[in-house]
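Trainee: Okay, predicted coordinates and the sequence, questions at the end:
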Amino acid sequence: MTDSTNAKENSVTEVGEVGLPEDLARADLYGLIARLFHLPPDQTLLDQIAATADQQDAADSAPLAKAWMDLVEVAKNNPAKAWHDEFDLNFVSVGKPNVVLNGSFYMAGHLNERPLVNIRRALEEFGLEASEEVTETEDHISALCEVMRYLIAGDDVEVSNLANQRVFFNEHIRPWYDDLCNAIEDIPEMHLYRPIAVLTREFMAIEGQSFDMI
């Protein structure tokens, strides 16, 4: 995407910063989820995630906190190559991968269907377009999380505001994120991305509940 959503590699701030305002913390988590579903984490990112263990309250039993600690554990105990292998095995394929990361598949049953058209129309209204370096279509989970990150943390308040966040989330992410997480959890051999699926589900559930209160 253009503007602050242009390069996924640069979209994730240092993992584990504390004391951030709530909205910036939300933006960071959207950015991290986008990064993890765009490419397998390198060792630097895994080390950053693992390093947050000392910053967490071990007594915090909230589902999102537990999901984060589960991610910390697999980040600490599995090298980047293992993550790369699991990512390629399940998300990359010349045919249909084990897990499809595109919303159109879950919402319409096929890729490149009406949900993708609707997302492109929404992005056009925001003045955003896909970067030439981005190979995924705009309904990819990483692309959608990048848009949410921009709608939270972007500088243009005419676009980056709570109303647009709510509409975009409810129309383009909420209808299918749970199906994606289920698809990942239904593959017994997926050990490393399972905590990411749980983290994604718990975070998105909180987002949905918060938007419902508006």
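Mentor: Nice, thanks for sending it over. Remember, it's a predicted structure, so these values are computed and weren't measured experimentally. Residues are numbered from 1 along each chain as shown.
Trainee: Tell me which residues of whichever strand or helix holds residue 125 come out buried.
Mentor: Assigning secondary structure by DSSP states H and E places residue 125 in helix 114-126. By neighbour count, and taking 16 or more other CB atoms under 10 Å as the criterion, the buried residues in helix 114-126 are 115, 116, 118, 119, 120, 122, 123, 126. Quick note: C-beta positions are derived from backbone N, CA and C, even for glycine.
Trainee: Dump the residues you listed into TSV; add distance to residue 90 and pLDDT as well.
Mentor: Conversion of the buried residues of helix 114-126 to TSV gives the following (distance: CB to CB, whole Å; pLDDT from 0 to 100):
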residue	distance to residue 90	pLDDT
115	22	94
116	22	95
118	27	96
119	24	97
120	27	95
122	28	96
123	27	95
126	31	94
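Trainee: Endpoints of stretch 123-142, how far apart?
Mentor: Terminal residues of stretch 123-142 are spaced 15 Å apart (CA to CA, to the nearest Å).
Trainee: How about it, which residues are buried there?
Mentor: For stretch 123-142, the buried set under the neighbour-count rule, 16+ other CB under 10 Å, comprises 123, 126, 128, 130, 134, 137, 138, 139, 140, 141, 142.
Trainee: out of the residues you listed, which one sits closest to residue 34?
Mentor: For the buried residues of stretch 123-142, the minimum distance to residue 34 (CB to CB) is 4.2 Å, reached by residue 142.
Trainee: residues near residue 22, how many?
Mentor: Residue neighbour count, defined by other CB atoms under 10 Å, stands at 9 for residue 22.
Trainee: Read off the pLDDT value for the one residue sitting closest to the centre of the chain.
Mentor: Note on the chain: the residue nearest the mean C-alpha position is residue 33, at 3.0 Å, using CA atoms, centre = their mean. According to the prediction, residue 33 has pLDDT 98.
Trainee: Contacts only, for it.
Mentor: Residue 33 sits next to 141, 142, 145, 196, 199, 200, 203 when contact means CB atoms under 8 Å, 6 or more residues apart in numbering.
Trainee: what about the second one, which helix or strand?
Mentor: Per DSSP H and E: residue 142 is located in helix 141-153.
Trainee: Following the chain onward from that helix, which element is next?
Mentor: According to DSSP H and E, the helix or strand after helix 141-153 is helix 162-172.
Trainee: tally of neighbours for the nearest residue to residue 145 once chain neighbours are set aside?
Mentor: Of all residues beyond its chain neighbours, the one nearest residue 145 is residue 34 (3.8 Å), with distances taken as CB to CB, 6 or more residues apart in numbering. Around residue 34 there are 24 other residues, counting by other CB under 10 Å.
Trainee: ditto for residue 96
Mentor: 9.
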